[in-house]
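Visitor: Provided below are the primary sequence and the corresponding predicted coordinates.
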Amino acid sequence: MSTAEPIVSAAPQTLFDKLWALHEVEPEAVDRPALIYIDLHLIHEVTSPQAFAELSRRGLSVRRPDRTYGTIDHSTPTTPVAEDGSRNWVSSDAEHQVATLRSNCKAWGIALEDWDSQRRGIVHVMGPELGLTRPGMTIVCGDSHTSTHGAFGAIAFGIGTTEVGHVLATQCLMQRKPKTMAIEIDGPLAPGVDAKDVVLHVIGQIGVGGGRGHAIEFCGSTVRAMSMEQRMTLCNMSIEAGARCGLVAPDQTTFDYLQGRRYAPSGEAWEQAQRHWRALVSDADAVYDSHVRINARDIAPTLSWGVHPGQVMAVDAHTPASPDADQRRGLRYMGFGAGDAAIGRPVQVVFVGSCTNGRLSDLRQVASLLRGRRVHPSVRMLVVPGSAQVKRDAEAEGLDRIFIEAGAQWREPGCSMCIAMNGDLVAPGELAVSTSNRNFEGRQGPGSRTILASPLTAAACAIAGRITDPRDYLQEAAA
Amino acid sequence: MRTPFSRLVSKTMVIDQSDIDTDQIIPARFLTTTQREGLGKHCFADWRYQADGSPNPEFVFNHDDAAGAAILVAGANFGCGSSREHAPWALLDAGIRAVLAPSIADIFRNNALKNGLLALPVDESLYQRLLQRRGHAVEIDLQRQGIVLDDGTVALFELEPFLRRCLMEGSDDFDFLLARLPAIANFEGERAWTP
Ligand code: SF4
């Protein structure tokens, strides 16, 4: 199997099957996994240094620097550079880590979006924005939220550092083919409900281990109607259901998003690419290993109440009345009782950002509620754009003024409080409403408590200073 | 080259809790390192130490009878969350050689096996048995693909042949991949369309 001609096959195939076949250098056998070709390898400072060190130890080279692309995002400060050029590093280790990536990229001729770059961003915001992420690709990164890129009709998944080394050296990985799962979402989204609510609802339904061993294809009329930004939010969190990856078949929405982006093809190559991309759909009668159907009408603004993204509820619902042992642990950590309402609970921190919800469309949602209002005095609110491009676009629209006038902090792009390894922390015991993707114990700092929510819900909570139903503000606006 | 894994006999250490994520196994603030070594002291840091840095007496890592345990028994969906390979590095550095759980998250399992940490899903009945025999000796035999408890319970497990061979030889996929370079170059040359 070595050509990339469209697969002619009698049996109907899923999109995932087709993409997999297009990248099989050697198919799997009983005694060994398939050899899969990787089209795009994204790297960042945290999970790459040990891989480069392994390459040196073995005397190997980076095989395809042209298929490798770097950024700095995780351990970078989000406060501006000082007048003397110094930066607010959380530690010398963090600074050293970024310097290590810089020297590795320089040594191997790998493109790196560094401090001075107008294109730097969180790896999963930057890739799509630059048109590096395209339909039909295999994309990997030493980061679990690589699943985000599946929104473009790509196989995109996170790998560990050993595999980062494998891709650097060979541009290939040894992989067993996962099973396939369709998550079909149909119907219109209710006012105040966004992609984040959809995906939290889905994880609540299938569980944090529900996608284990599977590639999830999101389909159905709700998904078709979504923007690329919304599809990215959906695919971003497929890893929180334990899935190997998530994907959406490309369509006109995808092509319109990509056209004119820095690395997107142009001219005749653009026309040709679209012809290939249009074939990237699941066959009508393709069979998935499992199939989940969700009615969009059942989805309300959704929040997490516990310590993983499967412990969720509608914003106006109550925590489990008869919790099991795991739920009890989640409740206890979060300071909730069984059967409690979330609404009304005081909030100390609101974080808007991350690769889940740090794009321009997310910031617009937040600004739509904050315009002419104030962040509650008891709330510390950070708005952290997902990339330098998002920052520029937001400032061009005056969103930064809205945030600052409302009393929020407007920061430099990066992962920031999503992973809290750069010094942006939620203090022990504080409750944060966050547009990020993980509410694990201590994720936003030791002892921190995280409630995952959409940008709109986060904005509503910031204004009220407590957990609030964002629909209250929408009604107010409509009245 | 890692230490080949063929047979392990050890007492167990048990965390009977589902969905133990990689942020617990190694919190993100320890990820600024550029080394693989030295993470063992931070393994489960936020459960293992109290706010003042002293050991939390309630956490199993700090129990006297857990000293020297190389087998960690934990609840379903162990290792969910991030792709950080620092998680298996930290467990190995803390002396853990095998994790037995009813299910194990995909990326963690892959990372673990590539580092010689045997991450094995076990069925619910064996898990219950392991909970009952908490702290007792367990033998894991990779050659025979069997787990033997000290009460005589025997369970066989499946492990994909390629991974099993890598574990037993102490190798990883690197050499195999490098041997495939001609096929990879061929694939690149013959692709009709590159996305
Ligand atoms: S924003 Fe959060 S989830 Fe996304 S890449 Fe950064 S740390 Fe990971």
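Guide: Yes, it's here.
Visitor: Compute the first-to-last residue distance for stretch A:266-284.
Guide: Distance between the two ends of stretch A:266-284: 31 Å, counting by Cα to Cα, to the nearest Å.
Visitor: for chain B, which strand is longest?
Guide: What stands out as the longest strand in chain B, according to DSSP state E, is strand B:7-15.
Visitor: Burial check on whatever residue of chain B ends up closest to the ligand, number of neighbours?
Guide: Of chain B, the residue with the smallest distance to the ligand, taken as Cβ to the nearest ligand atom, is residue B:82 at 7.2 Å. C-beta here means a position set from N, CA and C on the backbone, and glycine is covered the same way. By the measure other Cβ atoms under 10 Å in any protein chain shown, the count of residues near residue B:82 is 31.
Visitor: In terms of helices and strands, where is it?
Guide: Using DSSP states H and E, residue B:82 is not contained in any helix or strand.
Visitor: What are the buried residues along the helix or strand following the longest strand of chain B?
Guide: Note on strand B:7-15: by DSSP H and E, the next helix or strand toward the C-terminus is helix B:22-25. In terms of neighbour count (16 or more other Cβ atoms under 10 Å in any protein chain shown), helix B:22-25 has its buried residues at B:22-25.
Visitor: Let me have these in JSON lines, extended by pLDDT and distance to the ligand.
Guide: Compiled in JSON lines, these are given as follows (pLDDT from 0 to 100; distance: Cβ to the nearest ligand atom, whole Å):
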{"residue": "B:22", "pLDDT": "98", "distance to the ligand": "12"}
{"residue": "B:23", "pLDDT": "97", "distance to the ligand": "11"}
{"residue": "B:24", "pLDDT": "98", "distance to the ligand": "16"}
{"residue": "B:25", "pLDDT": "98", "distance to the ligand": "16"}
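Visitor: So which of those reach chain A?
Guide: Restricting these to those touching chain A (Cβ under 8 Å from any Cβ of the partner chain) yields B:23-24.
Visitor: Name the nearest of the buried residues of helix B:22-25 relative to chain A.
Guide: The shortest gap between chain A and any of the buried residues of helix B:22-25 belongs to residue B:23, at 4.3 Å (Cβ to the nearest Cβ).
Visitor: For the closest one, list the residues it contacts.
Guide: Counting by Cβ atoms under 8 Å, 6 or more residues apart in numbering or on different chains, residue B:23 makes contact with A:438, A:440-443, B:81-82.
Visitor: How about residue A:466?
Guide: By Cβ under 8 Å, 6+ apart, the residues touching residue A:466 are A:343-347, A:376.
Visitor: Provide the contact partners of the helix or strand that contains residue A:473 at residue level.
Guide: Counting by DSSP H and E, the element that carries residue A:473 is helix A:470-478. The set of residues that contact helix A:470-478 without belonging to it, under Cβ under 8 Å, 6+ apart, is A:191-192, A:301, A:315, A:369, A:454, A:456-457, A:459-460, A:463.
Visitor: Could you pick out the buried ones from these?
Guide: A:192, A:301, A:315, A:369, A:454, A:456-457, A:459-460, A:463.
Visitor: Put together a markdown table for those, with distance to residue A:64 and pLDDT on each row.
Guide: A markdown table is the format used below for those (distance: Cβ to Cβ, whole Å; pLDDT from 0 to 100):
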| residue | distance to residue A:64 | pLDDT |
| --- | --- | --- |
| A:192 | 45 | 97 |
| A:301 | 44 | 98 |
| A:315 | 46 | 98 |
| A:369 | 45 | 97 |
| A:454 | 38 | 98 |
| A:456 | 41 | 98 |
| A:457 | 42 | 98 |
| A:459 | 43 | 98 |
| A:460 | 46 | 98 |
| A:463 | 49 | 98 |
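Visitor: just the residues you listed now: which is nearest chain B?
Guide: residue A:454 (21.0 Å).
Visitor: Surely the closest one is in contact with residue A:199?
Guide: No - look at residue A:454 against residue A:199 with Cβ atoms under 8 Å: they stay out of range, at 9.7 Å.
Visitor: The residue nearest to residue A:390 when sequence neighbours are not counted and residue A:118, how far apart?
Guide: Distance criterion Cβ to Cβ, 6 or more residues apart in numbering or on different chains; nearest residue to residue A:390, sequence neighbours excluded, is residue A:360 at 5.2 Å. In this view, residue A:360 and residue A:118 are 15 Å apart by Cβ to Cβ, to the nearest Å.
Visitor: So which of those two has more stuff around it?
Guide: Between residue A:360 and residue A:118, counted using other Cβ under 10 Å, the more crowded position is residue A:360 (22 against 11).
Visitor: Verify the contact between the more buried one and residue A:394 for me.
Guide: Yes - checked against Cβ under 8 Å, the pair residue A:360 and residue A:394 is within contact range at 6.1 Å.
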